[in-house]
Structures are given as structure tokens and as C-alpha cells.
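Engineer: Sequence and computational prediction follow.
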Amino acid sequence: MKNLLMKSILFALALFALNACGGGVTDTTSTTTTTPIIPPSHAVANGLEDWKKPRVYTVASAEPTCNQDKVFSLRPHATSIRTRFVDYTATPIEPQGYTLRATQARDANTVIPLTYDAKTKKWINDCAPVTYVDKKDIYPAYWVEAVNDANGSVVTKDKIVMYDGGTDNCMACHASSSGYPLAYVNNPANLSDLEADFKTNILRVHDTHYPNAVKGYLTQLSAKGLNYNATGLEETSKTMKVSCTDCHGINGVQGSGFKTIPSLTNALHKVHANLSEPNIAGANNCLTCHPGETITKTFNGKIMHPLTPQWRDEDGHGEWTENNGAASCTLCHGPDLRGTDITGGVNSKKGSCYSCHGKEWDSFNIGTMPISTSSSTGGTTTLADMINNDDDDDDDDDDDDDDD
């Protein structure tokens, strides 16, 4: 009897333990399954800890139909906006009751409306007009915003960059009527269409100075699906629109150019750096291509410092750099301050800062590139940091002297 009682107790305990662990018979009619919300892979990859909140994901693409340039384009027209607006905690994940727009980052009054496409579930504006607030806006930024229709609040936003061709200023020299023969060799196009005229002149100059440029890259261009004419750019432009970024790379266009050909910026500056526009003398000819405020007129209303013994003295450019930082020097002298074509060539006596500072800088990779420091905190810094933060203790000492 005692053994039977013990067995009954053990059986009851075992049955209780089995049910507690989820075993035994399950009543399928009352069980509900909750599917956990899993963050999208791109949200995790981007480190978006707040992925549960509504978000916009936007790209500005370059649609060929939006590029209405004639003859050639300096760069593609990245003017088509594609946006997904999602809330991964909602069903469906596309929130209702919102309006999307793109607002110029430097001018809140410039707004591009977006239209919802139910088929693709994207907010779209093809061939949107690009607004340049001033010439600093080489690549204008826009905020793509999701606006709550009920209260007008912006619930989330994403930044994109848009741009179009940017060749308007070339006409100042390359028009057949400019009176500047270097800009159109000896046979100007003289076309009635002003855009086609100056652009044809540019391609003609390129073909004259680099007659085998296209022929040497036909295979690579064909691999990109581009049917260039081996004769040259002008002949190619008669059957298709030429794009400078097909051969010359720029950071703004992924996969542009070839590594064995100078970037578009380097190529343009190498040719134009030492030319003088017919109506602008000296270094200010930079303003022909970079008008307005693209290049800050830092030096008494001019874009270039004076070429005088006083400027070369420590109390000249040395004091100016201490007060304003070295970053602006790299615009003409290059990121490593060894000179560029604008300053007379790399490592040239006139353009390289190492010509005078070599003894001080030989052991460093000076410029805006990071360089090792010997400070107690270790790490890296830049020339601009070194100059702007130089000897704070000395400044304190000077203040003490003044108090005395």
C-alpha cells in the first residue's frame, strides 16, 4: 500500500512537471502564434537603433530622359527622386495620412512635391528642378521629409544630393563669338544654336589636343555599352550625347571614368589653371568657371593672396594661417600642400609649401591628411589642427604678460 501511494505521488509530480515545461496534450484551438517583428537587413546594417519609427529611404537617380543637354554633358543629371516611406511595425508598412516633399537644405522656401505611386509603393518626382541657392551649391542638398497631414509636423527625413549639367559658364570663352581663339582652335563651329555652338567647340578642341583619346578606350567604352566613334568626340556627338564622366571620374557618380585617365576636376584644372579669360586678369580668371561665391574672396575681395615679400614672411601668411586655419590653403596648394597645376605644378618651387618648410615638415605627411602625433594622448591630427590648436599655453602666458 505504501509503495502504491509513493508511485501515485511520483506520477503526479511527473505529470505536473511535464505540463509546466509545455509538454502533454496541447489545445490547438486556443493557441495563438505571435510573429516577432524583425528589423530589415538594411536597417541593421545602417545601425538604425530606432528602426521601429517611421523612416524614409531616398535616392536621387540620373534618368536619361531628364538630361536635355545638347552635344555633351559635363556630368549626369541626378534629378529624379525615388523614396520609400515605411513603418515596419504597421500593417501595411506604408503609413497613411502623410505627404512627402523635398526641401532645399539651404532654402526652406524651395520645395519639390512628391507623388505616391501605388504600383511601386514609392514617392516619386522625375526630372525635378534643381535650385542652386548660390554658387556654393555645386551639389545642392535636399531634405526628403514625411509630413503628417493632421498637424503638419515632420516625422522623419532623409538627405539627398541633386545636380544637373553645370556647363553654362563655359560659353564665356568657348562661344565662337568670344574672340578667344584658344577656346575653339582655328575653326569655330559658328552654329546658330548657342549651346550647340560652344559645346561643339569644346569637343573640337579636345579632339585637336587628344586625337587618339577615344580610339585608345573604345574597348572599355564598349564594355560600358557606349558606342563612341573612334574618330573623336565631335563625330560621336552627332549620333549620341557625349558625357565627360564616361572617361573622367567624379566622386558624385559611382563607377564613372577610368583609373588611367585624370579625374574630371584634375583634367579641367590642368588645362585652365594658367589661362587668362579675355575679360578677367590674373588669378581672378578662376571666377569665370566659379562665379559668385564658389571660391571665397578671402584676401581683400580677391580669391588669391598677394605675391609679395611681406606675404611670404612669417608675419604675413604665417599669421594669416594661424588666424584662419590651413584648410583653405589646400584649395590651390593641394591636400598635401605640395602644389597643384593651379600653383605652377606639383613639387614646384612656387607652389609647394615644402620649398620653404621642408626642414620642418619632411618627417610628416602634412596637409589635410591625418598625420601621427607625439602628444601624450596619441592619435592623429591634421596640419589645420596643429596650427589652430598650437601652443594654447603660450596664449595664456601672453595674457598674463598683458595683465602685468
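Structural biologist: Looks like it arrived, so ask away. Computed from a prediction, not measured in an experiment: that's the story for all the values here.
Engineer: For the nearest residue to Ala105 once chain neighbours are set aside, list each beta-bridge partner.
Structural biologist: Among residues not flanking Ala105 along the chain, Ala141 sits closest, at 3.9 Å (CB to CB, 6 or more residues apart in numbering). To be clear about C-beta, it is placed using only N, CA and C from the backbone, and glycine gets the same treatment. For Ala141, the beta-bridge partners are Val161 (DSSP bridges).
Engineer: pLDDT (mean, whole number) over stretch 87-96?
Structural biologist: Averaged over stretch 87-96, pLDDT sits at 86.
Engineer: Quick one: end-to-end distance for that stretch.
Structural biologist: End-to-end distance for stretch 87-96: 10 Å, by CA to CA, to the nearest Å.
Engineer: what does stretch 83-96 give?
Structural biologist: The straight-line separation of the ends of stretch 83-96 (CA to CA) is 15 Å.
Engineer: Tell me how many other residues surround Thr219.
Structural biologist: By the measure other CB atoms under 10 Å, the count of residues near Thr219 is 7.
Engineer: so it sits in a helix?
Structural biologist: Yes. Read with DSSP: H, G, I helix; E, B strand; the rest coil, Thr219 is one of the residues of a helix.
Engineer: Next, Ala102: secondary structure please.
Structural biologist: What three-state DSSP gives for Ala102 is strand.
Engineer: Help me confirm that it comes into contact with Ile160.
Structural biologist: Yes. Under the criterion of CB atoms under 8 Å, Ala102 makes contact with Ile160 at 7.3 Å.
Engineer: And the helices in the chain?
Structural biologist: Counting by DSSP state H, one finds helices in the chain at the ranges 2-20, 41-45, 171-174, 194-209, 218-223, 233-236, 264-272, 286-289, 309-312, 319-324, 330-333, 354-361, 383-388, 392-403.
Engineer: what about the spatially closest residue to Gly339 that is not a sequence neighbour, how many residues close to it?
Structural biologist: Here the nearest residue to Gly339 in space, its sequence neighbours aside, is Gly351; by CB to CB, 6+ apart that works out to 2.9 Å. The burial metric for Gly351, expressed as a neighbour count using other CB under 10 Å, is 21.
Engineer: Looks like Gly351 contacts Gly344 (just checking).
Structural biologist: Yes. Contact between Gly351 and Gly344 holds when scored by CB under 8 Å: they sit 4.3 Å apart.
Engineer: Got phi/psi on the residue nearest to Gly339?
Structural biologist: As for Gly351, its main-chain torsions (degrees, to the nearest 10) stand at phi -100, psi -20.
Engineer: picking up where we left off before, mind checking how far the residue nearest to Ala105 is from Ile81?
Structural biologist: Between Ala141 and Ile81 the distance is 13 Å, computed by CB to CB, to the nearest Å.
Engineer: ok, now Pro309?
Structural biologist: Distance, Pro309 to Ile81, by CB to CB: 54 Å.
Engineer: Tell me which of those two has more neighbours.
Structural biologist: Ile81 (25 against 8).
Engineer: mind listing the strands for the protein?
Structural biologist: Under the criterion DSSP state E, the chain carries strands at the ranges 55-61, 72-73, 80-86, 98-104, 111-113, 115-117, 122-125, 141-148, 154-161, 242-243, 371-372, 380-381.
Engineer: By mean pLDDT, point me to the weakest helix or strand of this structure.
Structural biologist: Averaged element by element with mean pLDDT, DSSP states H and E, the chain has its least confident helix or strand at strand 371-372 (a mean of 36).
Engineer: who touches Thr79 in this structure?
Structural biologist: Thr79 makes contact with 60, 62-63, 66, 127-130, 162-164 under the criterion CB atoms under 8 Å, 6 or more residues apart in numbering.
Engineer: Nearest to Tyr116 among those residues?
Structural biologist: Comparing those against Tyr116 with CB to CB picks out Ala128 as the nearest, at 15.4 Å.
Engineer: quick one, phi psi at that closest one?
Structural biologist: Note on Ala128: its backbone torsions stand at phi -70, psi 140 [degrees, to the nearest 10].
Engineer: any idea how far Pro76 is from it?
Structural biologist: Distance of Ala128 to Pro76, computed by CB to CB: 14 Å.
Engineer: Show me which of those two is the more surrounded one.
Structural biologist: Between Ala128 and Pro76, counted using other CB under 10 Å, the more crowded position is Pro76 (24 against 21).
Engineer: On the pLDDT front, check that one for me.
Structural biologist: Reading off the per-residue confidence, Pro76 sits at a pLDDT of 82.
Engineer: Now it: closest residue in space, sequence neighbours ignored.
Structural biologist: For Pro76, the nearest residue in space outside its immediate sequence neighbours is Ala62; the separation is 3.6 Å by CB to CB, 6+ apart.
Engineer: And for Ile81?
Structural biologist: Nearest non-adjacent residue to Ile81, counting by CB to CB, 6+ apart: Asn125, 4.7 Å away.
Engineer: Same question for Asp197.
Structural biologist: If you skip the residues right next to it in sequence, Asp197 has Leu191 as its closest partner in space, 3.9 Å away by CB to CB, 6+ apart.
Engineer: Okay then, goodbye and thanks.
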